[in-house]
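Colleague: predicted model, plus sequence, below.
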Amino acid sequence: MKKYIQIILLFTATCSFLSCEQDNLDPLGNWELKPATIELPSDNTTIELDELTPNETVTFSWLPAVSTANYTIKYSIVFDTIGSTSFDSPILELSSANNGKDLSLGISNSTINEYLSYSGYPANEIATITWAVKAKCLDKVAYASQDISFKRFSTELTPTKLYVSGTATENNTVLSTAIEMKRLNNSDGNPSNKHEIFTTLTAGNSFKFYSEKTLPCHQYGNNNDGDLIKSGNPIVITETAQYRISVDLENNTYDLLKIDNWSIVGDPINGGWSGDTPLTYQGGGIWKSSVQLINTGNFVFRANGDWSYLLKRIQGSTNKLVMESDATSQGITFEDIPSSNIGNYLITLNLSSSGYTYTIQIDTSAPDPIATPNQLFLLANGTMIEEFSKNGDLFSLDKFIPFQSSVNYSLNSDANGTGTSYSINGQLGVSSSPDGDKVTGNNTIVENATNITINNDRGLKLSIDFSQATLNWEYYNFKLFHWQVWEDRDELVMTYQHPNTYTITTPINGGYEMKFISPWDFDMGSNSPNGLTGNITNGSGSNITNVATNGNYLVTIVLDGTYQSGTYSFVQQ
């Protein structure tokens, strides 16, 4: 009898508990969830958000929703665009206190203003939206909604961080791993509203700028005029390349600078300040290559072979860099980068958001030096054509040799080819950027009798460093500059022909001025500028004005071995 009474009492207590609040039950049976009834604010109210009192709150209150099965109901406030009924992707959703059970919620002026800003509503203007009390009971949801207007703060919110994400970027579309941009300083050394990053962008895809790695946040795209705007269209990329992406949130602008290459220019490399040793992009804003340093002295990093884009060392730092053209606006002083290293070194240029830096480390993978001969000769099909000048371990020629792809070349310690033979790994004159004004490269020297070949006819200047087992080479591409107004000039690329000859067939305008130039190491004018044939000299001579009427001309220059002088001819076609 006692056991029976205990069971009855337990059953009664359980039923009493369930009648008050039924949590964690399966939605069995036929029951309904009726929406809450909004009390405050009244429908179509307009509220001015006070920028001077950002922590003051706007109160939202309601009468409870009803579960006909008496299950527990939890509440949240949602904001969405005007006329929304689904509230699937709200501007804002906040739960009420007491684990969502309170029947009111105060939201601060600053929070409302911030989320309206995220959604692209302009500062100091009225934003009309739809808001709702969201009642949730098990798997049922009911909304009570009405419209409301807020006048935003007069001052726009400006993010302190920016990230790049989208299908065009290196992180694809994963916002949580978006690429952070580097925030630049102003002239006082304080953080500005300018951001930039160096990264790869892929053609046919797009990206946007984000203020956070999660949503909601500020999102920036462009409009039909290409201006940067909040909540704008994704920015579409037309060419796959590395870019410097710059954003100015003060003026609402952005800029994409294509980076063909970052290279080293200066005393330590072959060619010195007229040289250009490129680095290879590794991803993540990092360029790195093994570079042969043949001298001590200073150098800089240069983009696209353009002196307008130089990275130099920040004075007082060991390895921090700044773009020379931006240094003054950032309150930074700079200097060329000093180097006391000679040999093969891995040089890394880090242009990620963590800070622009460089490192120089010994390249332990570089080949061991080979014994330096007492003399060195260049042979073509077994016949000696040039003797190199020797300076320690370095052999060089002071002129350009007109190499041919149909000829087999070799290096030998004896003029008759019976001494020690030397060859190279790879083919001579191969470059990833063959169309630059000045093209440089190097090959590893090996001690064997394998023929040396070149991929196409080309005039090359050579130097060989046996201490580094390296053959360095360089060549130039010449252009016919053609202008009436210098700033609007045509730079017409000429074609190399054997030996040391450059030609182009092109329309010439009568009365235009002309010169033969490979910027800016070679700048050739003439002492006979009015003739259809004449002499040209590097660094001197007048502009050529020998064509009186418009026509199509075959233009040819033939250069001496040093490229310091030559002849020109114009033949009308």
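Modeller: Yep, that arrived. Note that the structure is predicted; figures quoted are calculated from it, not measured. Numbering: from 1, shown residues only.

Colleague: residues contacting Ile112?
Modeller: Applying CB atoms under 8 Å, 6 or more residues apart in numbering to Ile112 gives the contacts Leu49, Val58, Phe79, Leu92, Phe150. Bear in mind the C-beta positions are built from the backbone N, C-alpha and C, glycine included.

Colleague: that one and Leu94, how far apart?
Modeller: Distance of Ile112 to Leu94, computed by CB to CB, to the nearest Å: 10 Å.

Colleague: what about the helices in the stretch 251-400 of the chain?
Modeller: 324-327 (DSSP state H, counting those that start in this stretch).

Colleague: ok, which stretches of the stretch 101-250 of the chain are helices?
Modeller: 109-118.

Colleague: could you pull out the strands for it?
Modeller: Remark: strands assigned in the stretch 101-250 of the chain by DSSP state E, counting those that start in this stretch are 104-108, 126-137, 140-151, 163-165, 179-180, 182-185, 191-201, 206-210, 219-222, 228-230, 235-236, 241-248.

Colleague: among those strands, which comes closest to Lys320?
Modeller: Closest of the strands of the stretch 101-250 of the chain to Lys320 is strand 182-185, at 12.0 Å (criterion: CB to CB).

Colleague: hmm, who's touching the closest one?
Modeller: Under CB under 8 Å, 6+ apart, the answer for strand 182-185 is 160-162, 191-192, 194-197, 326, 330-332, 352-353, 355-356.

Colleague: of those, keep whichever come out buried.
Modeller: Taking 16 or more other CB atoms under 10 Å as the criterion, what is buried in these is Leu162, Ser192, Lys194, His195, Glu196, Ile197, Asp326, Gln330, Ile332, Ser352, Ser353, Tyr356.

Colleague: next step: the contacts of Ile112 restricted to strands.
Modeller: Val58, Phe79, Leu92, Phe150 (DSSP state E).

Colleague: ok, the second one - how many residues close by?
Modeller: Residue neighbour count, defined by other CB atoms under 10 Å, stands at 23 for Phe79.

Colleague: and for the first one?
Modeller: One way to gauge burial is a neighbour count; for Val58, by other CB under 10 Å, it gives 19.

Colleague: please name the bridge partners of it.
Modeller: When bridges are called by DSSP bridges, Val58 pairs up with Ile107.

Colleague: separation between it and Ser145?
Modeller: From Val58 over to Ser145 the distance is 16 Å, taken as CB to CB.

Colleague: and for the second one?
Modeller: Distance check for Phe79 against Ser145: by CB to CB, it reads 10 Å.

Colleague: identify the contacts common to these two.
Modeller: Common neighbours of Phe79 and Ser145 (CB under 8 Å, 6+ apart) are Thr130, Trp131.

Colleague: quick one: low-confidence parts of the stretch 51-200 of the chain?
Modeller: Within the stretch 51-200 of the chain, no range satisfies pLDDT under 70.

Colleague: before we move on, what about the stretch 401-550 of the chain?
Modeller: Along the stretch 401-550 of the chain, no part satisfies pLDDT under 70.

Colleague: quick one, strands of it?
Modeller: Along the stretch 401-550 of the chain, the segments classed as strands by DSSP E, counting those that start in this stretch run 401-403, 409-412, 421-424, 438-446, 458-465, 470-476, 479-483, 490-493, 495-497, 501-508, 513-518, 522-525, 533-538.

Colleague: in CSV, list these along with distance to Leu184.
Modeller: Listed next are the strands of the stretch 401-550 of the chain as CSV, based on distance: least, CB to CB, whole Å:
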stretch, distance to Leu184
strand 401-403, 47
strand 409-412, 50
strand 421-424, 44
strand 438-446, 31
strand 458-465, 40
strand 470-476, 36
strand 479-483, 35
strand 490-493, 33
strand 495-497, 43
strand 501-508, 43
strand 513-518, 35
strand 522-525, 36
strand 533-538, 41
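
Colleague: in JSON lines: these, plus mean neighbour count and distance to Ala366.
Modeller: Shown next, in JSON lines, are the strands of the stretch 401-550 of the chain (neighbours: other CB atoms under 10 Å; distance: least, CB to CB, whole Å):
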{"stretch": "strand 401-403", "mean neighbour count": "21", "distance to Ala366": "26"}
{"stretch": "strand 409-412", "mean neighbour count": "22", "distance to Ala366": "20"}
{"stretch": "strand 421-424", "mean neighbour count": "20", "distance to Ala366": "15"}
{"stretch": "strand 438-446", "mean neighbour count": "20", "distance to Ala366": "9"}
{"stretch": "strand 458-465", "mean neighbour count": "22", "distance to Ala366": "12"}
{"stretch": "strand 470-476", "mean neighbour count": "23", "distance to Ala366": "9"}
{"stretch": "strand 479-483", "mean neighbour count": "20", "distance to Ala366": "36"}
{"stretch": "strand 490-493", "mean neighbour count": "14", "distance to Ala366": "35"}
{"stretch": "strand 495-497", "mean neighbour count": "14", "distance to Ala366": "31"}
{"stretch": "strand 501-508", "mean neighbour count": "17", "distance to Ala366": "35"}
{"stretch": "strand 513-518", "mean neighbour count": "21", "distance to Ala366": "31"}
{"stretch": "strand 522-525", "mean neighbour count": "20", "distance to Ala366": "32"}
{"stretch": "strand 533-538", "mean neighbour count": "17", "distance to Ala366": "35"}
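
Colleague: closest to Asn304 out of those strands?
Modeller: Among the strands of the stretch 401-550 of the chain, strand 438-446 comes nearest to Asn304, with 12.8 Å by CB to CB.

Colleague: what angle separates the closest one from strand 513-518?
Modeller: Between strand 438-446 and strand 513-518, the angle comes out at 20 degrees (axes from the mean of the first three to the mean of the last three CA atoms, to 10 degrees).

Colleague: run the chain-centre distance for strand 438-446.
Modeller: Remark: strand 438-446 is offset 28 Å from the chain centroid, using CA atoms, centre = their mean, to the nearest Å.

Colleague: neighbouring strands for that strand, and are they parallel or not?
Modeller: Paired strands of strand 438-446, defined by DSSP bridges, are strand 421-424 (antiparallel), strand 470-476 (antiparallel).

Colleague: can you put the ones you listed in TSV and add distance to Val493?
Modeller: Formatted as TSV, the strands paired with strand 438-446 follow (distance: least, CB to CB, whole Å):
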stretch	distance to Val493
strand 421-424	28
strand 470-476	12
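
Colleague: so which of the ones you listed is nearest Ile362?
Modeller: strand 470-476 (15.0 Å).

Colleague: please state the offset of the closest one from the chain centre?
Modeller: The answer for strand 470-476 is 29 Å, by CA atoms, centre = their mean.

Colleague: in CSV, list the C-alpha atoms belonging to it.
Modeller: The C-alpha trace of strand 470-476 is given here as CSV (Å, rounded to 0.1, in the frame of the first residue of the first chain):
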residue,chain,number,x,y,z
THR,A,470,77.8,32.1,-61.7
LEU,A,471,77.6,33.5,-65.2
ASN,A,472,75.7,36.9,-65.2
TRP,A,473,74.2,38.3,-68.4
GLU,A,474,72.2,41.3,-69.5
TYR,A,475,70.6,42.7,-72.6
TYR,A,476,68.5,45.7,-73.6
